[in-house]
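In: Pasting a predicted model and its sequence here:
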Amino acid sequence: MSKEETYDNTATVEVERGQPRDAELPVGEGMAPEGLGCHSGSEMEKAARMAGNSELLDKFAEDYPQGPHDKPQSMCPAFGSLRVGLRMRRTATVLSGSACCVYGLTFVSHFYGARRSVGYVPFNSETLVTGKLFEDIRDSVHELADPEKFDAIVVTNLCVPTASGVPLRLLPDEINGVRIVGIDVPGFGIPTHAEAKDVLAGAMLNYARKEIEAGPVQAPAGGKSDRPTVALLGEMFPADPMMIGAMLAPLGLAAGPVVPCREWRELYAALDCGAVAAIHPFYTAAVREFEAAGRPIVGSAPVGVEGTRAWLAGIGDAFGLPAKQVEAAQNAFLPAIQGALANVPINGRITLSGYEGSELLVARLLIESGADLLYVGTACPKTAWNSDDAAWLEAHGVSVKFRASLEDDCAAVEAFKPDLAIGTTPVVQKAKEMAIPALYFTNLISARPLMGPAGAGSLAEVMNAAIAGKTRMEEMKEFFEGVGTGDTAGVWEGDPNLRPEFRAAFQKKLDKQARAAKAAEMV
């Protein structure tokens, strides 16, 4: 096996493991049953609790309350934390999990532009049960810990190691001056990949905050701001932090780092802020670290006229600024936002759903752009920092659904029959089957500016173009009418062999497994 030496390639690297070091390791009593993963829900959680991870899962339940499902409905949650680590400079990433999971996560991370290797510590039943897997992980980070290359190494337990109680907390805090950050991101404990970003961001902020408390730390690469700063919580379009900075300037403030950060020293600068803007409102662990550092949190974001007015007022309150100074900042930007919204109105009925966490902000912008928005579904939870957005939308006649399931989002499309459906891939598929124009939220909506004058009107062109494609969608549906769906999809010379008896036999097996699982829970 090669060591993590070619860090700039795009391979998954099995990190070389050295000889076991002497240690007394807790071996979990409830090992993860073979073949189970994040979609095994309660069985994996039960194994994790038996293995001594009850405190971890209780914390996850508090930070990220579950919705109607006990398993994710989007991509593997660990993709969120993996992406955060891969975007940080001088940061190595090591995964511990089933080979199929690691392959999928590595593939999707490179699909989304990762340009570095992902370390992988493989395991088998023996190393998992005996505790040797932990020794292999520990040896791996010792092999990787080169201060010339890295500031930090992030080690992530996926579902099976978490369910088996592999204790990353026993890893050293640092090796050769390289920080070691261990996190668990099981699909049976983290509902969305968006919230997994918070798991790693919170862990890094916690580490950085303790470093600050212990003594002097590195200054930001660009130097310390001469004005008080506002840290920005949540990944966003690159132009948005610059736009927010321009709106803060009349208040005598500056935009601080965006959390999740791009390098370790930015964590110090973020914690040194005067207030935190929770642009994405689900970063519960990160907020906890900022509050521990004594920083106030401001919810929502400067989107649209009313959103920008309220957000600037909230920032003014957080810094104790005079009302006249806040009004001056509002007057400097609100007319431009109003004009941009009026110049490119959106005409049509829309339903909106997604799992990025910015759904309510986009919804506010659509309403002020003139759209007839009927439904907003977000896979993320309701928090103190998006409650004002939810109240504003509901006051404008919008049905807001937190922890929305795929079934909720599809039902909204069926019920409202919008001119345009915005959502995740299966929602877009559902809409197009109904000859309704649809746009994928993550790639087509999140990848646009939303804040201030730059965000006003940025969505209108793509929205109106999609709505105008209704006739084309109807023509396509008519053209493909009769090709079948499900088992009968496609063009057949004769009738397809459906074999319903196979389906019935398999359903009996599923029903038997469900009854056994329910009986086990009652014991």
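Out: Great, that's in hand.

In: what's the nearest residue to V84 if we skip its chain neighbours?
Out: Excluding the flanking residues, the one nearest V84 by Cβ to Cβ, 6 or more residues apart in numbering is P260, at 4.4 Å. C-beta here means a position set from N, CA and C on the backbone, and glycine is covered the same way.

In: any idea how far A277 is from the one you found?
Out: 14 Å (Cβ to Cβ, to the nearest Å).

In: Who does G423 form a beta bridge with?
Out: Counting by DSSP bridges, G423 is bridged to Y440.

In: Report the contact partners of it.
Out: Residues near G423 by Cβ atoms under 8 Å, 6 or more residues apart in numbering: 351-354, 377, 409, 413, 431, 438, 440-441.

In: Please tabulate these in a markdown table, including the columns pLDDT and distance to L459.
Out: Converted to a markdown table, the contacts of G423 look like this (pLDDT from 0 to 100; distance: Cβ to Cβ, whole Å):
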| residue | pLDDT | distance to L459 |
| --- | --- | --- |
| T351 | 96 | 15 |
| L352 | 96 | 11 |
| S353 | 94 | 15 |
| G354 | 92 | 13 |
| G377 | 95 | 18 |
| D409 | 94 | 19 |
| V413 | 95 | 19 |
| A431 | 92 | 17 |
| A438 | 93 | 15 |
| Y440 | 92 | 14 |
| F441 | 90 | 11 |
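
In: now, which of these lie within helices?
Out: Cross-referencing the contacts of G423 against helices under DSSP state H gives 409, 413, 431.

In: right, and the last one touches A438 too?
Out: Translated: A431. Yes: assessed by Cβ atoms under 8 Å, A431 is found in contact with A438 at 3.8 Å.

In: which neighbours do these two share?
Out: Common neighbours of A431 and A438, using Cβ under 8 Å, 6+ apart, are 421, 423.

In: pLDDT wise, what is R17 at?
Out: Here the pLDDT value assigned to R17 is 44.

In: Go through stretch 289-308 and flag the buried ones.
Out: 289-290, 293, 295, 297-305, 307-308 (16 or more other Cβ atoms under 10 Å).

In: Show the pLDDT at V259.
Out: The model's pLDDT for V259 equals 96.

In: tally of neighbours for it?
Out: V259: 30 surrounding residues under other Cβ atoms under 10 Å.

In: I'd like the secondary structure assignment at L312, please.
Out: Following DSSP: H, G, I helix; E, B strand; the rest coil, the label given to L312 is helix.

In: how close does it sit to A318?
Out: Taking Cβ to Cβ, one finds L312 at 11 Å from A318.

In: who's more crowded, those two?
Out: L312 (27 against 18).

In: Now do the more buried one, the pLDDT please.
Out: 97.

In: I figured A196 was touching P77, is that so?
Out: Yes: applying Cβ under 8 Å, one finds A196 in contact with P77, separated by 4.3 Å.

In: Find residues that contact each of these two.
Out: Here A196 and P77 share the contacting residues 185, 190, scored by Cβ under 8 Å, 6+ apart.

In: I422 touches G348, doesn't it?
Out: No: with contacts counted by Cβ under 8 Å, I422 stays clear of G348, the gap being 11.2 Å.

In: More neighbours: which of those two?
Out: Between I422 and G348, counted using other Cβ under 10 Å, I422 has the larger neighbour count: 30 against 19.

In: Return the residues in contact with that one.
Out: 350-354, 362, 438-441, 445.

In: what's the closest of those to P453?
Out: V362 (16.6 Å; Cβ to Cβ).

In: Torsion angles phi and psi at the closest one?
Out: Note on V362: backbone dihedrals following degrees, to the nearest 10 are phi -60, psi -40.

In: how deep is it tucked in, by neighbour count?
Out: Number of residues near V362 (other Cβ under 10 Å) recorded here: 24.

In: same thing with P122?
Out: P122 sits with 17 neighbouring residues when counted by other Cβ under 10 Å.

In: from memory it sits against C100, does it?
Out: No: between P122 and C100 there is no contact under Cβ under 8 Å: 11.6 Å.

In: just to revisit the earlier point, could you identify which of the ones in helices among the contacts of G423 has the most neighbours?
Out: Neighbour-wise, the ones in helices among the contacts of G423 (other Cβ under 10 Å) top out at D409, 30 neighbours.

In: What residue, apart from its backbone neighbours, is nearest that one spatially?
Out: S353 (4.0 Å).

In: The one you found - how many residues pack around it?
Out: So S353, with other Cβ under 10 Å, has 27 neighbours.

In: Also Q218?
Out: 14.

In: Touching, it and A269? I think so.
Out: No: contact criterion Cβ under 8 Å: Q218 and A269 do not qualify, at 9.4 Å.

In: Tell me which stretches of the stretch 101-250 of the chain form strands.
Out: In the stretch 101-250 of the chain, the segments counted as strands under DSSP state E, counting those that start in this stretch are 118-120, 152-157, 174-175, 178-184, 229-233.

In: Centre of the chain to stretch 150-165, how far?
Out: Stretch 150-165 sits 17 Å away from the centroid of its parent chain (Cα atoms, centre = their mean, to the nearest Å).

In: now could you export just the CA positions of it as PDB?
Out: The C-alpha trace of stretch 150-165 is given here as PDB (Å, rounded to 0.1, in the frame of the first residue of the first chain):
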ATOM      1  CA  PHE A 150      -0.700  19.500   6.900                       C
ATOM      2  CA  ASP A 151      -2.100  21.700   9.600                       C
ATOM      3  CA  ALA A 152      -4.800  19.200  10.500                       C
ATOM      4  CA  ILE A 153      -6.000  15.600   9.800                       C
ATOM      5  CA  VAL A 154      -9.700  14.900   9.800                       C
ATOM      6  CA  VAL A 155     -10.600  11.300  10.600                       C
ATOM      7  CA  THR A 156     -14.200  10.300  10.000                       C
ATOM      8  CA  ASN A 157     -16.100   7.200  11.200                       C
ATOM      9  CA  LEU A 158     -18.900   6.200   8.900                       C
ATOM     10  CA  CYS A 159     -21.800   4.000   9.900                       C
ATOM     11  CA  VAL A 160     -20.200   0.600  10.700                       C
ATOM     12  CA  PRO A 161     -17.300   1.900  12.800                       C
ATOM     13  CA  THR A 162     -19.700   4.200  14.700                       C
ATOM     14  CA  ALA A 163     -22.100   1.400  15.400                       C
ATOM     15  CA  SER A 164     -19.200  -0.800  16.500                       C
ATOM     16  CA  GLY A 165     -17.900   1.800  18.900                       C
END
